[in-house]
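> quick one: sequence plus predicted model below, questions after.
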Amino acid sequence: MSLRYYIFLKDVLLLALTAFGGPQAHIAMMFKLLVDRRHYLTEQELIELNALCSILPGPTSTQTITAIGFKIGGPNLAYLTLLVWITPAAIIMGIAAIAISYLQDQGISLKFLNFIQPMAVGFVAYAAYMISSKVVNTKTGIVLMMISAVLAYFFSSPWVLPLLLIAGGAVTALRFRQHPEEKDKKIKIEWANFILYVGVLITAAVLGAFTSSLPVRLFENFYRNGSLVFGGGQVLIPLLYTEFVDFKHYLTGEEFLSGYAIVQALPGPTFSFASFVGNLAMRRFGIPGQLLGSFVATVGIFLPGTFLIFFVIRFWDELKKYRVVRASLEGVSAVSSGMVVAAAILLYHPVENTILNFSIVVVTFALLMFTKIPPPILILTGLLLGIVIY
C-alpha cells in the first residue's frame, strides 16, 4: 500500500475522532481536510459523491467517505476507510452500554441520565426541523411529510416505514416530466455487489426466521434496517425504537434515549448507535455476549450501505440523468422528514411529562437553533448536571 493511502487513512482516523455534529458537519469537515488541504478530490467530485450517497439507503457520511476511499484506491482502500471511520464510535457506544448495564446490575440508579433523555428528544426535534426545511419545499412534499408523520406515529410496525418511503418516491416519480430530459443515457451495470447485498439480505432473513440464535436474528434485524434507511442516522432512530423498544422490548425507552443522547456527544457516524442497541439486546449473556451483540449490530447496520455504494458508484453519472430517478427523490425526502417528526413525538413518550422535561426539550431545540454551541458540550453539560443533582 502506497504512502498516499496511509496518509489518507490517517486523515480518516482524524475525522473519526473529531467530526462531531452529524452528516452535514461531517461533509463540511471533509471539504476542509480532504479537498482544501489534501486535494484527494475536487469540490465538485465531493458534492456529487455526497448527492449519490444521500439518495441511497444507509449512513450518508459513512458512504461518502467510503466512496472517496474507493475513488482514491479501489475496493481494498474503501474497506479500510470504512473500518477506520466506524470503529472508534462503535467501540465507545459498546462500552457505554456495558457501563449502563453494570450500573443497573449493581442497583445504582440511572437518574443521573434524566437530563440527557429529554435533551435527546430536543436533538431529534431539531433534526426534523432542519431536514424538512431543506428538502420539503413544494405543496406535494408538505402533504407527504404530514401524512407520513401521522402514519409513522400511529402505525409503528417496522415494515410500515419502508413502505411509506417507497410510496412517497412513487408519488413524486409520476411528475418526472417536470424535470429536463438528458441525452446519452447508456448504463453499464456490474451486478456483483448488488447480488452480494441481496444474497446477504435473503440469507439473513431465512436464518433469522428458522434459528433461535439471538446474534443471527440481531444481524438480520440490523441488516434489514440498514437496507431501508434513507436520510441518515436521524431517520434510523424511529426504526430502531419501533423494533427494539416497542416490539421486542430489548431496551427500555429510557435506556434507548440515554444511548441516543450519548451518541450525540461523540464524533463519527450516528449509525454507531447500533452498537449500543445490539449490546444491550444481548445483556443476559454477560459481557462476552454484549460484545458479540455490538459486533453483529455494527456489521449488520453498515454492510448494506457499503454493498450499495460499491454497486452504484460505477454507473451513478449515467443513472442520475433519468428524470424518474430525480423526481422520486422529492417524495423520499419528504417522507423521511415526516418520519423524523413522528420520532420526536414517540421518543418523548418514555420521558416523564413534567414542566422541567418539556422545558429541557424546548431549550435544547432553541440552543441548537440559535447558537453555535457544539452538541457534545450540550450533552456533557446535561450529564454533569444530572450527576451533581442526583
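Sure, I can see it.
> for the helix or strand residue 385 falls within, buried residues please.
Assessed by DSSP states H and E, residue 385 sits inside helix 375-389. Of all the residues in helix 375-389, those buried under the rule 16 or more other CB atoms under 10 Å are 375, 378-379, 381-383, 386. Yep, even glycine has a C-beta here, placed from its N, CA and C like the rest.
> and what of stretch 357-373?
357, 360-361, 364-365, 367-368.
> next one: stretch 89-100
Applying 16+ other CB under 10 Å to stretch 89-100 flags 89-90, 92-98, 100 as buried.
> now, those residues that are in helices?
Under the assignment DSSP state H, the buried residues of stretch 89-100 contribute 89-90, 92-98, 100 to helices.
> that older thread, and of the buried residues of helix 375-389, the nearest to residue 19?
Nearest to residue 19 among the buried residues of helix 375-389: residue 375, at 11.8 Å, using CB to CB.
> who's in contact with the nearest residue to the closest one once chain neighbours are set aside?
Nearest non-adjacent residue to residue 375, counting by CB to CB, 6 or more residues apart in numbering: residue 264, 5.1 Å away. Residue 264 makes contacts with 119-120, 123, 375-376, 378-379, as judged by CB atoms under 8 Å, 6 or more residues apart in numbering.
> how about residue 369?
126, 129.
> secondary structure element for it, which one?
Counting by DSSP H and E, residue 369 is part of helix 355-370.
> what angle do that helix and helix 375-389 make?
Relative orientation of helix 355-370 versus helix 375-389 (axes from the mean of the first three to the mean of the last three CA atoms, to 10 degrees): 160 degrees.
> what pLDDT, on average, does helix 355-370 get?
For helix 355-370, mean pLDDT is 92.
> so can I have TSV of the buried residues of stretch 89-100 showing pLDDT?
As requested, the buried residues of stretch 89-100 are exported to TSV (pLDDT from 0 to 100):
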residue	pLDDT
89	91
90	93
92	90
93	91
94	93
95	92
96	89
97	91
98	92
100	86
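> closest to residue 212 out of those?
So of those, ranked by how close each gets to residue 212 (CB to CB), first place is residue 97, at 22.9 Å.
> can you tell me how far residue 76 is from residue 2?
Noted for residue 76: a distance of 12 Å to residue 2, by CB to CB, to the nearest Å.
> kindly report the same for residue 334.
Counting by CB to CB - residue 334 and residue 2 are separated by 44 Å.
> cool, and residue 212?
47 Å.
> higher neighbour count, the two?
Each of residue 212 and residue 2 has its neighbours counted (other CB atoms under 10 Å); residue 2 has more, 10 against 6.
> name the nearest residue to the more buried one, sequence neighbours excluded.
Using CB to CB, 6+ apart, the closest residue to residue 2 is residue 73 (8.0 Å).
> for the stretch 101-250 of the chain, which spans come out with low pLDDT?
Low-confidence segments of the stretch 101-250 of the chain (pLDDT under 70): 131, 156-159, 161-162, 179, 182-185, 230-234.
> got the residue ranges for the helices in it?
Per DSSP state H, counting those that start in this stretch, the stretch 101-250 of the chain carries helices over the ranges 116-135, 139-154, 160-173, 192-210, 214-228, 233-240.
> same deal with the stretch 251-390 of the chain?
Per DSSP H, counting those that start in this stretch, the stretch 251-390 of the chain carries helices over the ranges 253-264, 273-281, 286-312, 316-319, 323-348, 355-370, 375-389.
> worst mean pLDDT among those?
helix 316-319 (a mean of 71).
> what sits up against that one?
48, 52, 185-187, 312, 325.
> quick check: residue 40 vs residue 6, distance?
Applying CB to CB to residue 40 and residue 6 gives a distance of 13 Å.
> which one of those two has more residues nearby?
Set residue 40 next to residue 6 and count neighbours by other CB under 10 Å: residue 40 wins out with 19 against 11.
> tally of neighbours for the closest residue to that one other than its chain neighbours?
The shortest distance from residue 40 to any non-neighbouring residue, by CB to CB, 6+ apart, is to residue 34 (4.9 Å). Residue 34: 21 surrounding residues under other CB under 10 Å.
> over to residue 181?
Around residue 181 there are 10 residues (other CB under 10 Å).
> that older thread, list of residues touching the helix holding residue 385?
Contacts of helix 375-389 (CB under 8 Å, 6+ apart): 20-21, 111-116, 119, 123, 261-262, 264-266, 360, 364, 367-368.
> filter these down to the buried ones and hand me the ChimeraX line.
In ChimeraX, a selection of the buried entries from the contacts of helix 375-389 looks like this (16+ other CB under 10 Å):
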select :20,112,113,114,115,116,119,123,261,262,264,265,266,360,364,367,368
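> quick revisit: the buried residues of helix 375-389: which two are farthest apart?
Most distant of the buried residues of helix 375-389, by CB to CB, are 375 and 386, 16.7 Å apart.
> tell me which of the helices of the stretch 101-250 of the chain sits most buried.
helix 233-240 (a mean of 25; mean count of other CB atoms under 10 Å).
> show me what contacts residue 327?
The contact partners of residue 327, by CB under 8 Å, 6+ apart, come to 172-176, 178-179.
> quick check, nearest of the residues you listed to residue 136?
residue 172 (11.3 Å).
> what about the closest residue to that closest one other than its chain neighbours, how many neighbours?
Residue nearest to residue 172 in three dimensions, not counting chain neighbours: residue 331, with 3.6 Å by CB to CB, 6+ apart. Residue 331: 26 surrounding residues under other CB under 10 Å.
> what separation do you get for residue 331 and residue 319?
17 Å.
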